[in-house]
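>>> Fold the following.
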Amino acid sequence: MRLLAWLLLGLLVVWAIRSKKSAMHEGKTEVPRLEEPELMVPCMHCGVHFPASEAVSQAGMSFCSEEHRRLHFPS
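Down below sits the predicted model:
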């Protein structure tokens, strides 16, 4: 009788593990689409790289802020 109870318990554990694994794999069938990475440019004043869309430009040079542009080109 004990052997039958242990066998039943073992089968129950195996069934639970398999059902959990199959549930995890069902949600992963769709691969998420990644966005294109944005171009990073260095600031001509401090050298920090930042997204090109946030650049402050003058004379073909990129700066991370208006202050660094102003410091690079004094009046």
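
>>> Now do the longest helix seen in the chain: which elements does it pack against?
Taking DSSP state H as the criterion, the chain has its longest helix at helix 2-26. Packed against helix 2-26, as judged by 3 or more C-beta pairs under 8 Å, 6 or more residues apart in numbering; DSSP states H and E, are no other helices or strands. Backbone N, C-alpha and C define where each C-beta goes, glycine included.

>>> per-residue confidence averaged over it?
In this model, helix 2-26 has a mean pLDDT of 86.

>>> tally of neighbours for residue 47?
Neighbour count for residue 47, taken as other C-beta atoms under 10 Å: 8.

>>> Return the distance of it relative to residue 37.
For residue 47, the distance to residue 37 equals 20 Å [C-beta to C-beta, to the nearest Å].

>>> what are the phi and psi angles of the most centrally placed residue in the chain?
In the chain, the centroid-proximal residue (C-alpha atoms, centre = their mean) is residue 34; its distance is 9.1 Å. Backbone torsions of residue 34, given as degrees, to the nearest 10, read phi -90, psi 150.

>>> go on, residue 60?
The phi/psi pair for residue 60 (degrees, to the nearest 10) is phi 70, psi 10.
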